[in-house]
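Student: give me coordinates for this.
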Amino acid sequence: MKQRLMTALTAAMLVASPALAELTVVDTSYRTGPYAANGIPFSDGYQDYFTLLNERDGGIGGEKINLVECETGYNTEKGVECYEGTKGSGNGALVYQPLSTGITYQLIPKATADGISLHTMGYGRTSAKNGEVFKWVFNYPANYWDGASHAITHILNENGGDIKGRKIALVYHNSAYGKEPIRTLEELAKKHGFELTLLPVDHPGQEQKSQWLQIRREKPDNVIMWGWGVMNQVAIQEAVNIRFPMDQFIGIWWSGSENDVKAAGEGANGYKALTFHNLGDDYPVYDDIRKFVVDGGKAAGAGDQIGSVLYNRGMYAAMLAAEAIKTAQEMHGVTVINAAQMRDGMENLEITEAKMAGLGLPGFGPEFKVSCENHGGNGFGAVSQWDAAAGEFKLITDYFQSDQEVISALVAEDSAAFAAENGITPGC
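Tutor: Numbers count the residues shown, from 1 in each chain. Reported below is the predicted structural model:
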């Protein structure tokens, strides 16, 4: 069955049409707007992996995947409209990957009421890691608070384990997304004795002169960035302009794509970014994507993003969704699963190195296991660094775990408050 790519307008038509396929997955994409440069490769990777499964394997468990794309423009209102217009697609949408913290916050109560899973991989509401409260939300394999801890752990490792008195600035997108790491960094500042400075940047992030003038004046030892889209490019160029040392500048995983650094040229060399998956295209799965998808004229985009950081991330998200579908099929003994069964598959997902190798992705990401109590994985991440001469990010650390003592306490506190506010009785 031919893959269907739907816009917000035509998606509504699909809801009223006969089922086109048995397993419906929605891609809430943004190929337009100020964040399109980053949204496009992620969406290409997400779609191409499902197309690969359809073309090479005949779908999942013998059932074709009905992929529905709905353009949000990274706009929260449009994101909600996409959800409402596509949730009844085919035999019912199985999972949403909103790719926006703002959209995620709006969809949590809606998806929970509708019984549809959200996978907010590396973004969204961090305390959704507590599956006893957020039964329909999953953020494995890592979340924003893990990322904040990874950045501090890396700085600790670079400074002999002692950063007392060190000055660290957070340059962040002034939105729900950018504000997510603040509480964690404040707790880590208390624990390790560093001084934290907060520097918000308003959407879309093209004007940052005042923030970087402050950085030049106050001379923080490290800068951590929580940006997206054009904000990243501007920040890195501003850092180059004031000669801030790039090896002391580290971005969250959404601030570490090729799009973010190339505009700054050689000046960006040495810039660091966190990641929760590997880089490049030296994996067998990409040979299959080229053969079955790109060469067959079925790629979601031009086929030129394969192996880029965000293409890899979109592909990884699709792989995790596909493995959750397989898990649900095995658990329930059926190939045509519903949304409730999909949730079971996501909650019982286990990713091992043997499984990744079998999928053509050896060493691509950390192992993790999901459970009712833990919808967020084990909190492992790594640090990459931009090599301007090679034109690529390279891993410079092994995967390491976030500070679970600090993060577990914050997750418990925040999720308990959410449960109390919304009349939820936690439990499995």
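Student: wait, Y123 touches Y144, no?
Tutor: Yes - at 6.7 Å, Y123 and Y144 qualify as touching, with contact defined as CB atoms under 8 Å. C-beta here means a position set from N, CA and C on the backbone, and glycine is covered the same way.
Student: between these two, which is the more surrounded one?
Tutor: Y144 (28 against 25; other CB atoms under 10 Å).
Student: now do the same contact list for the more buried one.
Tutor: Taking CB atoms under 8 Å, 6 or more residues apart in numbering, we find Y144 in contact with 122-123, 126, 180-181, 184, 252.
Student: which one of the residues you listed is nearest to L199?
Tutor: P181 (12.8 Å; CB to CB).
Student: got a list of what the closest one touches?
Tutor: Taking CB under 8 Å, 6+ apart, one finds 144-145, 147-148, 170, 172, 224, 226, 252 in contact with P181.
Student: tell me which of the residues you listed fall in helices.
Tutor: If you go by DSSP state H, these have 144-145, 147-148 in helices.
Student: buried subset of those?
Tutor: When the ones in helices among the contacts of P181 are checked for burial by 16 or more other CB atoms under 10 Å, the buried set is 144-145, 147-148.
Student: check G33 and give its pLDDT.
Tutor: Listed pLDDT for G33 reads 89.
Student: hmm, I typed the wrong one, I wanted D146.
Tutor: In this prediction D146 is given a pLDDT of 98.
Student: got it, and the one 4 residues further on?
Tutor: H150 carries a pLDDT score of 98 in this model.
Student: neighbours around the nearest residue to it once chain neighbours are set aside, how many?
Tutor: Spatial nearest neighbour of H150, excluding adjacent residues (CB to CB, 6 or more residues apart in numbering): G381 at 4.4 Å. A count of neighbours around G381, defined by other CB under 10 Å, yields 28.
Student: surely G381 is in a strand?
Tutor: Yes - under DSSP: H, G, I helix; E, B strand; the rest coil, G381 falls within a strand.
Student: what bridges to it?
Tutor: G381 has these beta-bridge partners by DSSP bridges: F400.
Student: what's the spacing between A142 and A273?
Tutor: A142 sits 14 Å away from A273, going by CB to CB, to the nearest Å.
Student: likewise for C82?
Tutor: 28 Å.
Student: give me the more crowded residue out of these two.
Tutor: C82 (30 against 25).
Student: for the more buried one, pull up the helix or strand it's in.
Tutor: helix 76-86 (DSSP states H and E).
Student: export that helix as CSV, just CAs?
Tutor: This file holds the C-alpha atoms of helix 76-86, laid out as CSV (Å, rounded to 0.1, in the frame of the first residue of the first chain):
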residue,chain,number,x,y,z
THR,A,76,1.3,24.7,19.4
GLU,A,77,-2.2,25.5,18.2
LYS,A,78,-1.6,23.9,14.8
GLY,A,79,-0.1,20.9,16.6
VAL,A,80,-3.3,20.4,18.6
GLU,A,81,-5.3,20.8,15.4
CYS,A,82,-3.2,18.1,13.8
TYR,A,83,-3.8,15.7,16.7
GLU,A,84,-7.5,16.3,16.7
GLY,A,85,-7.7,15.9,12.9
THR,A,86,-5.7,12.7,12.6
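Student: for it, buried residues please.
Tutor: Under 16+ other CB under 10 Å, the buried positions of helix 76-86 are 76, 78-83, 85-86.
Student: and which of those residues is nearest I236?
Tutor: T76 (26.3 Å).
Student: neighbours around the closest residue to that closest one other than its chain neighbours, how many?
Tutor: Closest residue in space to T76, ignoring its immediate chain neighbours: G102 at 4.2 Å, by CB to CB, 6+ apart. Using other CB under 10 Å, G102 is surrounded by 19 other residues.
Student: now for the helix or strand harbouring G102, which elements pack on it?
Tutor: Using DSSP H and E, G102 sits within helix 101-114. Under the contact criterion of 3 or more CB pairs under 8 Å, 6 or more residues apart in numbering; DSSP states H and E, helix 101-114 touches helix 76-86, strand 117-119, strand 137-138, helix 176-179.
Student: hmm, try it at 6 Å
Tutor: Applying 3 or more CB pairs under 6 Å, 6 or more residues apart in numbering; DSSP states H and E, one finds that helix 101-114 contacts helix 76-86, helix 176-179.
Student: can you name the next helix or strand after the first one?
Tutor: Right, the one you point to is helix 76-86. Next element after helix 76-86 (DSSP H and E): strand 93-96.
Student: neighbouring strands for that next one, and are they parallel or not?
Tutor: Strand 93-96 has these strand partners (DSSP bridges): strand 23-29 (parallel), strand 117-119 (parallel).
Student: as TSV, those strands with distance to L213, mean pLDDT and mean neighbour count would be great.
Tutor: Formatted as TSV, these follow (distance: least, CB to CB, whole Å; pLDDT from 0 to 100; neighbours: other CB atoms under 10 Å):
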stretch	distance to L213	mean pLDDT	mean neighbour count
strand 23-29	36	97	27
strand 117-119	39	98	24
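Student: what about this protein, any weak spots by pLDDT?
Tutor: Along the chain, segments meeting pLDDT under 70 span 1-21.
Student: pull the longest helix from it.
Tutor: Every helix in the chain considered (DSSP H), the longest is helix 309-332.
Student: what packs against it?
Tutor: Using 3+ CB pairs under 6 Å, 6+ apart, helix 309-332 is in contact with helix 36-57, helix 339-347.
Student: what's the closest of the ones you listed to A300?
Tutor: Going by CB to CB, the one of the helices and strands packed on helix 309-332 nearest A300 is helix 36-57, 3.7 Å.
Student: on that earlier part again, export the helices and strands packed on helix 101-114 to a markdown table and tack on distance to D287?
Tutor: Output for the helices and strands packed on helix 101-114, formatted as a markdown table (distance: least, CB to CB, whole Å):
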| stretch | distance to D287 |
| --- | --- |
| helix 76-86 | 32 |
| helix 176-179 | 35 |
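Student: can you say which of those is nearest to L107?
Tutor: Of the helices and strands packed on helix 101-114, nearest to L107 by CB to CB is helix 76-86, at 5.6 Å.
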